[in-house]
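A.B. asks: What follows is a predicted protein model with its sequence.
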Amino acid sequence: MRDLVTLRQHGVTLTTGPFGTVLAASDYVDGGIPLINPTHIRDGHIFPDFGVSVSRSVAHRLSRHVLKPGDIVLGRHGDVGRSALVGETEDGWLCGGGSIAIRHGMSLNPRFLQWFLTSRVARDQLLAASLGATMDTINEQILMSLRVNTPTLRKQEVIADYLDVETARIDALIAKKQRMTELLRARVVAQQSRLILRDLDPISGAGRLPSGWQLMNLGTLIVLQRGHDLPWIQRIEGEVPVVSSGGTSGTHNVAIGEPPGVVTGRYGTIGEVFWLDVPYWPLNTTLYVQDFRNSDPRWVYHLLRALPLNFDEEKSAVTGINRNVVGQLRVGVPPVSQQREISEELDRSELVGDALMQKVEKQIGLLQERRQALITAAVTGQIDVPEVVHGNH
């Protein structure tokens, strides 16, 4: 690895985005000049939210925070090292209060610096120096002390060109694998719809039912209970999973639901349905089912996964699930013996699908590790980077 020189020694300039009294809530407008915060930076690119923007007059007042092509905007909080290079499209946008704008010095190529900031060596330095008990935080002093590799400007350009091409190849492979997981999920959903919903419209109840099936409101088939309307609390030895709208997270020594149970998030990850075969504690952001009204619990689990559950909660500004509206959905109910046959077939399909998705997700993880290793090796001089033929760039 070549000698590392700090950003301060490279002569870069930093500007932390406006916050506090500099930018008031009343200054924000819709469709104005966007401010770029860490949530707007993904995979090295900027995705603005024009709801987080200001008027031209406010932008003029905040002119010291204006971004120019070649600047790098880096998040100060959370995912340490999240950054993006500012291009012509983002010219004139503003660095947000959660970010720091980096203007490269004469000895640094901005594209090379962006790739360096993406590397593991930069991330490790920033994590080691970051502040904050609950969230990693970067300030200008920490960033100025970041030590960067210093090849010649020409070599920096060669490395940036090489990484542009090679990471694009890896990203294309990752995108292909991600499409495979989407197709696998779509196949599971299609099979659930075919076996569970058949041709029945759950909103109107229109459609033909197979022989022996009954048309019922979901609310007469099961009882949907809210997490904060819990009828009992049972303390047990050991820990039980805590279930929120995003799934199981953490454990607690209080069990409220006896297995088996089916839980769905009311907010957040709406429509996600979770099967619990151990005692559990559903939080108030969930709906849970324990009273299956003599139905097969596993079939109910698959039924809820197949149904459209995303409705606006009445008299609420938050999009969520209204259990009364969901209870009015019309479902076809086969005999319990057939419910078991259907759930067993879907369980087998889910098992195969999960195994395939785990395999693909592992491949995606390996590709992401390969991408990161390539970036780190290139920007630190661990590999000899060949010049890219610009006709292929």
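C.D. replies: Sure, I can see it. Residues are numbered from 1 along each chain as shown.
A.B. asks: pLDDT-wise, which helix or strand of the chain ranks last?
C.D. replies: strand 311-312 (a mean of 50; mean pLDDT, DSSP states H and E).
A.B. asks: tell me the SS of P151?
C.D. replies: coil (DSSP: H, G, I helix; E, B strand; the rest coil).
A.B. asks: Give me the neighbour count for it.
C.D. replies: Residues contacting P151 under the criterion other CB atoms under 10 Å number 17. For the C-beta atoms, the positions are set from N, CA and C on the backbone; glycine is no exception.
A.B. asks: That one touches I159, doesn't it?
C.D. replies: Yes - the pair P151 and I159 passes the contact test of CB atoms under 8 Å, sitting 7.0 Å apart.
A.B. asks: Provide a list of residue ranges in the stretch 151-300 of the chain with pLDDT below threshold.
C.D. replies: The model of the stretch 151-300 of the chain has pLDDT under 70 over residues 228-257, 267-271.
A.B. asks: 90 - rerun?
C.D. replies: 184-194, 196-209, 219-220, 222-294 (pLDDT under 90).
A.B. asks: Do you have the helices of the stretch 201-350 of the chain handy? List them.
C.D. replies: Shown for the stretch 201-350 of the chain, the helices assigned by DSSP state H, counting those that start in this stretch span residues 218-221, 297-306, 323-327, 336-379.
A.B. asks: In contact with the closest residue to V22 other than its chain neighbours, which residues?
C.D. replies: Leaving aside its chain neighbours, V22 sits nearest to L62 (7.3 Å; criterion: CB to CB, 6 or more residues apart in numbering). For L62, the contacting residues are 18, 22-23, 54, 94, by CB atoms under 8 Å, 6 or more residues apart in numbering.
A.B. asks: cool, and L23?
C.D. replies: Applying CB under 8 Å, 6+ apart, we find L23 in contact with 54, 58, 62, 97.
A.B. asks: Return the closest of those with respect to G205.
C.D. replies: Proximity of the contacts of L23 to G205 (CB to CB) peaks at V54, which lies at 49.9 Å.
A.B. asks: thought the closest one was touching S26?
C.D. replies: No - using CB under 8 Å, V54 is not in contact with S26; the gap is 10.3 Å.
A.B. asks: can you give me phi and psi for V80?
C.D. replies: phi -60, psi 130 (degrees, to the nearest 10).
A.B. asks: burial measure for it, as a count.
C.D. replies: By other CB under 10 Å, 24 other residues sit near V80.
A.B. asks: same check, this time on the one 3 residues further on
C.D. replies: Residues contacting S83 under the criterion other CB under 10 Å number 24.
A.B. asks: Next, work out how far apart it and M106 are.
C.D. replies: S83 is 20 Å from M106, where distance means CB to CB, to the nearest Å.
A.B. asks: now do T181
C.D. replies: 45 Å.
A.B. asks: Pick out whichever of these two has more residues nearby.
C.D. replies: Comparing T181 with M106 by other CB under 10 Å, the one with more neighbours is T181, at 18 against 8.
A.B. asks: Please say which of V54 and S26 ends up with more neighbours.
C.D. replies: V54 (20 against 7).
A.B. asks: phi, psi of that one?
C.D. replies: phi -130, psi 170.
A.B. asks: Beta-bridge partners for it, please?
C.D. replies: Counting by DSSP bridges, V54 is bridged to Y28, I33.
A.B. asks: How about the contacts made by it?
C.D. replies: By CB under 8 Å, 6+ apart, the residues touching V54 are 23, 27-29, 32-33, 35, 62, 94.
A.B. asks: From those residues, keep the buried residues only.
C.D. replies: 23, 27, 32-33, 35, 62, 94 (16 or more other CB atoms under 10 Å).
A.B. asks: Let me know the closest of the residues you listed to A306.
C.D. replies: Nearest to A306 out of the buried ones among the contacts of V54 is L35 (CB to CB; 41.4 Å).
A.B. asks: Show me where the stretch 51-200 of the chain has its strands.
C.D. replies: Counting by DSSP state E, counting those that start in this stretch, the stretch 51-200 of the chain has strands at residues 53-54, 72-75, 83-85, 94-95, 99-103, 147-149.
A.B. asks: For my notes, please list those in CSV and give distance to A190 and mean pLDDT for each entry.
C.D. replies: Converted to CSV, the strands of the stretch 51-200 of the chain look like this (distance: least, CB to CB, whole Å; pLDDT from 0 to 100):
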stretch, distance to A190, mean pLDDT
strand 53-54, 41, 94
strand 72-75, 39, 94
strand 83-85, 37, 95
strand 94-95, 45, 96
strand 99-103, 42, 94
strand 147-149, 50, 91
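A.B. asks: out of these, deepest packed?
C.D. replies: Mean neighbours per residue, mean count of other CB atoms under 10 Å, is largest over the strands of the stretch 51-200 of the chain for strand 94-95, with a mean of 27.
A.B. asks: helices or strands next to it in the packing?
C.D. replies: strand 33-36 (3 or more CB pairs under 8 Å, 6 or more residues apart in numbering; DSSP states H and E).
A.B. asks: Output the strand it packs on as CSV - backbone C-alpha positions only.
C.D. replies: Output of strand 33-36 as CSV, limited to C-alpha atoms (Å, rounded to 0.1, in the frame of the first residue of the first chain):
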residue,chain,number,x,y,z
ILE,A,33,-34.1,23.1,-4.9
PRO,A,34,-33.5,19.8,-3.1
LEU,A,35,-31.3,19.3,0.0
ILE,A,36,-29.3,16.1,-0.1
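A.B. asks: ok, residues contacting it?
C.D. replies: Under the criterion CB under 8 Å, 6+ apart, residues 17, 40, 46, 48-50, 52-56, 59, 67, 73, 84, 90, 92-97, 99 lie in contact with strand 33-36.
A.B. asks: Mind doing that once more with 6 Å?
C.D. replies: Strand 33-36 is contacted from outside by 46, 48, 50, 52-54, 59, 73, 93-94, 96, 99, using CB atoms under 6 Å, 6 or more residues apart in numbering.
A.B. asks: nearest to S119, of these?
C.D. replies: Nearest to S119 among those, with distances taken as CB to CB, is V73, at 17.4 Å.
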